[in-house]
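**Student:** everything below, folded, please.
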Amino acid sequence: MRLHHRLRGHLENRFASLNHEHTGYRWWALGALMIGTFMAVLDATIVNVALAKIMTTFGVDVEKVEWVATAYMLAFALLLPTSSWIADRLGHKRTYMLALLVFTAGSALCGLAWNEDALIASRVIQAIGAGCIMPVAMTIVAEIFPPEQRGQALGIWGIAGAASATTGPTIGGYLVDYIGWRSVFYVNVPVGIVGTALVLVVLREIPARRAGRFDLTGFLTMSVGLSGLLLALAQGQSKGWDSAYVRTCEGLAVVGLAVFVSWELRQREPLVDLSLFRSAGFSIVNLIAFIFGVGMFGSTFLLPIFLQNMLGYPALLAGLTLLPAGLVMGVVAPVAGRLSDRIGAKPLVLLGLALMSFSMYLNSHINLQTSRETIYGWLVLRGIGMGLMFSPMTSLALGLVPRLKAGQASGLVNVIRQIGGSFGIAIFGTLLTRRQLFHAVRYSETVTARNLSAAALLHQLQTRFASLGDTAAMASQKGLAVLSMLVHREAAAAGFSDCFLVAAWICALGIIPGFFLPLRVKRR
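**Tutor:** Numbering: from 1, shown residues only. Presented below is the predicted three-dimensional model:
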C-alpha cells in the first residue's frame with residue numbers, strides 16, 4: 001500500500017510539473033484521453049460481429065437484435081447534449097473519469113446478461129458512460145491545444161477511433177469464435193480500469209465554468225421525441241404502419257420534438273443551444289453528419305450479419321474482412337487533420353463523401369458468390385472516405401463557434417451523427433425485412449414448372465435424394481424444400497444488396513450540402 005501511494009505521488013509530481021500550456025503535457029493528456037475514446041468506439045464496432053451469435057443464443061431475429069446496437073446509439077445520443085453541463089458542474093476530469101467507470105460497469109453487466117432484454121438494458125448503461133466520454137474528451141483537446149495545432153491534435157485523437165474500428169471487428173471475431181460472445185463486453189473491463197487510473201494521474205482539471213440550471217424539460221421532451229420517432233421506424237414493419245402502437249409513437253415524436261424546439265428557443269440556459277444553428281456552416285456540418293450517420297452506421301450494422309449468416313464466415317473471418325478498412329482509416333485520419341489546417345475542410349469532406357458513396361454502391365453488387373478480396377477493395381475505399389471526413393468535419397464545426405461553446409458544438413455534431421446512426425440501423429433493419437420479402441415473392445413466382453432452369457434443378461435434387469434411398473414422394477418433398485431454401489437465400493442476399501444501394505444514395509445526397517460548406521473559418 002505504501003509503495004502504491006509513493007508511486008502515485010511520484011507520477012503526480014512528475015506530471016504536475018507540466019502545466020496546461022506545456023507542449024509535453026498536451027501530448028501526455030491526449031494519449032490518456034485516447035484510451036477512453038478507443039473503448040467507446042470499440043464497443044460500437046466489436047459488437048457487430050457478435051450479433052449473429054447473440055441471435056442464435058437468445059433465439060431472436062434481426063428486428064430484435066438490432067436493438068442491441070440501436071439502444072446503445074440512441075442512449076449515447078441523448079446523453080451527449082448533457083455532457084457539457086455535467087462537465088461544467090463536476091469538472092471535465094471528474095466527468096471523464098466517472099464516464100469511464102460507468103461504461104466499464106455497463107460492459108460487465110452486458111457480459112452477465114441472461115436474455116436479450118437484459119443485454120439491451122445493459123447496453124443503455126454502457127451508452128450513458130460513452131455519451132460523456134467522447135464529447136468531454138474532444139472539449140479537453142480543444143481547450144489544451146492552440147488553434148494552429150487543433151486540427152492535427154483532433155486527427156491524432158481520431159486515431160483512437162480508427163484503431164478501435166480497425167481492431168474491433170477482428171478482436172471481436174476472435175473472442176466470439178474462441179471464447180464466446182460475452183467476452184466482447186468483458187474485454188472492456190481491464191481497459192477501463194487502466195484508462196481511469198491513467199487519467200487520474202496524468203490529466204489536470206480544466207478551470208471550472210459556471211454550470212447553470214439543468215434543463216430537465218428539454219432533456220425529457222428531446223428523449224420522448226427521438227425515442228418515439230425511432231420506435232416508429234423500427235417497429236413499423238412488425239407491428240404495422242397503421243397500427244395504434246406506431247401511430248402513438250409518431251404522435252409522441254411530433255409533440256415531443258415540437259415542444260423541445262419551442263422550449264429550447266425560449267431558455268436562457270438551454271440543454272441544446274439551438275442558436276448555434278444560426279451559423280449556416282455549422283448547420284450544414286450537422287446535416288452532413290446526420291447523413292453520414294444514417295448511411296455509414298446502417299450499412300456497417302448489416303455487413304457482418306451478411307458475412308456470417310449468408311456467406312457462412314466464422315466471426316473471426318468476418319472481423320478480418322473488415323480489418324483493411326480500419327487500417328486505411330487510421331492512416332488517413334491524421335493526414336486529413338493536417339491537410340484541413342492547410343487547405344480547408346471542404347474539399348476533404350466532399351471527396352470523403354464521394355468515396356463512401358461509391359464504396360457502398362459497389363457493395364450493392366454483393367451476392368452469395370462475392371469473394372473476400374472483392375469486399376476488401378470496397379471497404380478500403382470506404383475507409384479512405386471516412387478518414388478524410390472525420391477530423392476535418394470536427395475541426396470545422398469547432399472553428400465555426402466561439403471557443404466557450406466548443407463543448408456544445410462537439411456534443412451537437414456527435415448527437416446528430418449518432419441519431420443518424422440510430423435511424424440508419426432502424427431504417428435498414430426494417431428495409432432489409434421488406435426487401436427480402438419482396439424478392440422472395442418475386443423469385444417464388446418465377447420458380448414454376450414452366451421455368452426450365454428451376455425444373456432442371458428440382459429434377460437433379462430429386463434424383464440425388466432418390467439415389468440416397470428415399471422414396472419418390474420423399475425425394476420430391478426434399479427437393480422442393482431445398483429449392484425453396486435456395487430461393488429464400490437468394491432473396492435474402494438481394495435484400496442486403498438493396499440496402500447497400502440505398503446507403504449509397506443517402507451518402508451521395510450529403511455531397512449537395514457539402515458544396516455550401518465554408519472553405520476556411522477564422523480560428524477562435
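**Student:** what helix or strand is the closest residue to G495 other than its chain neighbours on?
**Tutor:** Spatially, and ignoring its direct neighbours in sequence, G495 is nearest to Q436 (3.5 Å; Cβ to Cβ, 6 or more residues apart in numbering). (Each C-beta comes from the backbone N, C-alpha and C, glycine too.) Using DSSP states H and E, the element containing Q436 is helix 406-446.
**Student:** for the closest residue to A113 other than its chain neighbours, give me its contacts.
**Tutor:** Nearest non-adjacent residue to A113, counting by Cβ to Cβ, 6+ apart: L119, 3.7 Å away. Shown in contact with L119 (Cβ atoms under 8 Å, 6 or more residues apart in numbering): 54, 58, 68, 110, 113.
**Student:** likewise P304?
**Tutor:** Applying Cβ under 8 Å, 6+ apart, one finds that P304 lies in contact with 48-49, 51-52, 169, 318-319, 322.
**Student:** give me that answer again for 6 Å
**Tutor:** 48-49, 318 (Cβ atoms under 6 Å, 6 or more residues apart in numbering).
**Student:** tell me the SS of the nearest residue to G91 once chain neighbours are set aside?
**Tutor:** Spatially, and ignoring its direct neighbours in sequence, G91 is nearest to E205 (5.1 Å; Cβ to Cβ, 6+ apart). At E205 the chain is in coil, as set by DSSP: H, G, I helix; E, B strand; the rest coil.
**Student:** go on, G312?
**Tutor:** Looking at G312 with three-state DSSP, the answer is coil.
**Student:** ok, it - how many residues close by?
**Tutor:** 10 (other Cβ atoms under 10 Å).
**Student:** what of the one 5 residues further on?
**Tutor:** By other Cβ under 10 Å, the residues close to L317 number 17.
**Student:** any idea how far it lies from P169?
**Tutor:** L317 is 10 Å from P169, where distance means Cβ to Cβ, to the nearest Å.
**Student:** ok, now L519?
**Tutor:** For L519 relative to P169 (Cβ to Cβ), the value is 35 Å.
**Student:** who has more neighbours out of the two?
**Tutor:** A direct count of neighbours by other Cβ under 10 Å for L519 and P169 places P169 higher, at 31 against 11.
**Student:** what helix or strand is the more buried one located in?
**Tutor:** P169 belongs to helix 147-178 when elements are defined using DSSP H and E.
**Student:** thinking again about what came up before, for the residue nearest to G495, give me its contacts.
**Tutor:** Q436 is in contact with 491-492, 495, counting by Cβ under 6 Å, 6+ apart.
**Student:** check contacts around T217.
**Tutor:** Listed by Cβ under 6 Å, 6+ apart, the contact set of T217 reads W263.
**Student:** centre of the chain to the host helix or strand of it, how far?
**Tutor:** T217 belongs to helix 216-239 when assigned by DSSP H and E. Distance of helix 216-239 from its chain centroid, counting by Cα atoms, centre = their mean, to the nearest Å, is 18 Å.
**Student:** quick one: mean pLDDT for that helix?
**Tutor:** For helix 216-239, mean pLDDT rounds to 79.
**Student:** got the contact list for L109?
**Tutor:** With Cβ under 6 Å, 6+ apart, L109 has these contacts: S122.
**Student:** separation between it and L231?
**Tutor:** The value you get for L109 to L231, if Cβ to Cβ is used, is 23 Å.
**Student:** just M34 next, same as before
**Tutor:** In terms of Cβ to Cβ, M34 sits 35 Å off from L231.
**Student:** what does S422 give?
**Tutor:** 11 Å.
**Student:** higher neighbour count, the two?
**Tutor:** A direct count of neighbours by other Cβ under 10 Å for S422 and L231 places S422 higher, at 30 against 21.
**Student:** thinking that one is in contact with Y72, fair?
**Tutor:** No: the criterion here is Cβ atoms under 6 Å, and S422 misses it with Y72 at 8.8 Å.
**Student:** shared neighbours of those two, anything?
**Tutor:** With Cβ under 6 Å, 6+ apart, S422 and Y72 have no common neighbours.
**Student:** how about the contacts made by the residue positioned nearest the centre of the chain?
**Tutor:** Geometric centre of the chain, nearest residue: F297, 5.0 Å, by Cα atoms, centre = their mean. With contact taken as Cβ under 6 Å, 6+ apart, F297 is in contact with 421, 424.
**Student:** what's the pLDDT at it?
**Tutor:** 74.
**Student:** got the phi and psi for it?
**Tutor:** Backbone geometry at F297, expressed as degrees, to the nearest 10, gives phi -70, psi -40.
**Student:** let's see stretch 337-355 as CSV, backbone CA atoms only.
**Tutor:** Listed next in CSV are the C-alpha coordinates belonging to stretch 337-355 (Å, rounded to 0.1, in the frame of the first residue of the first chain):
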residue,chain,number,x,y,z
GLY,A,337,-6.4,16.6,-40.0
ARG,A,338,-3.1,18.2,-41.0
LEU,A,339,-4.4,18.9,-44.5
SER,A,340,-7.5,20.5,-43.2
ASP,A,341,-5.3,23.0,-41.3
ARG,A,342,-3.6,23.9,-44.7
ILE,A,343,-6.2,23.7,-47.4
GLY,A,344,-9.5,23.8,-45.5
ALA,A,345,-12.0,21.0,-44.7
LYS,A,346,-14.4,21.4,-47.6
PRO,A,347,-12.5,19.5,-50.4
LEU,A,348,-11.7,16.7,-48.0
VAL,A,349,-15.3,16.3,-46.8
LEU,A,350,-16.6,16.3,-50.4
LEU,A,351,-14.0,13.7,-51.5
GLY,A,352,-14.7,11.6,-48.5
LEU,A,353,-18.5,11.6,-49.2
ALA,A,354,-17.9,10.7,-52.8
LEU,A,355,-15.6,7.7,-51.9
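**Student:** buried sites along it?
**Tutor:** 337, 339-341, 344-355 (16 or more other Cβ atoms under 10 Å).
**Student:** distance from it to the middle of the chain?
**Tutor:** 21 Å.
**Student:** mind pulling up the pLDDT for the residue nearest to G495?
**Tutor:** 75.
**Student:** if I look at it, how far off is L74?
**Tutor:** Taking Cβ to Cβ, one finds Q436 at 25 Å from L74.
**Student:** for A325, same thing?
**Tutor:** Taking Cβ to Cβ, one finds A325 at 25 Å from L74.
**Student:** next one: M389
**Tutor:** 23 Å.
**Student:** ok, now W181?
**Tutor:** Using Cβ to Cβ, W181 is found at 22 Å from L74.
**Student:** what do you get for V41?
**Tutor:** V41 sits at a distance of 17 Å from L74 (criterion: Cβ to Cβ).
**Student:** surely Y361 and A504 touch.
**Tutor:** Yes: assessed by Cβ under 6 Å, Y361 is found in contact with A504 at 4.0 Å.
**Student:** quick one, which of these two is more surrounded?
**Tutor:** Between Y361 and A504, counting by other Cβ under 10 Å, A504 is the more crowded of the two (21 against 18).
**Student:** noted, bye for now.
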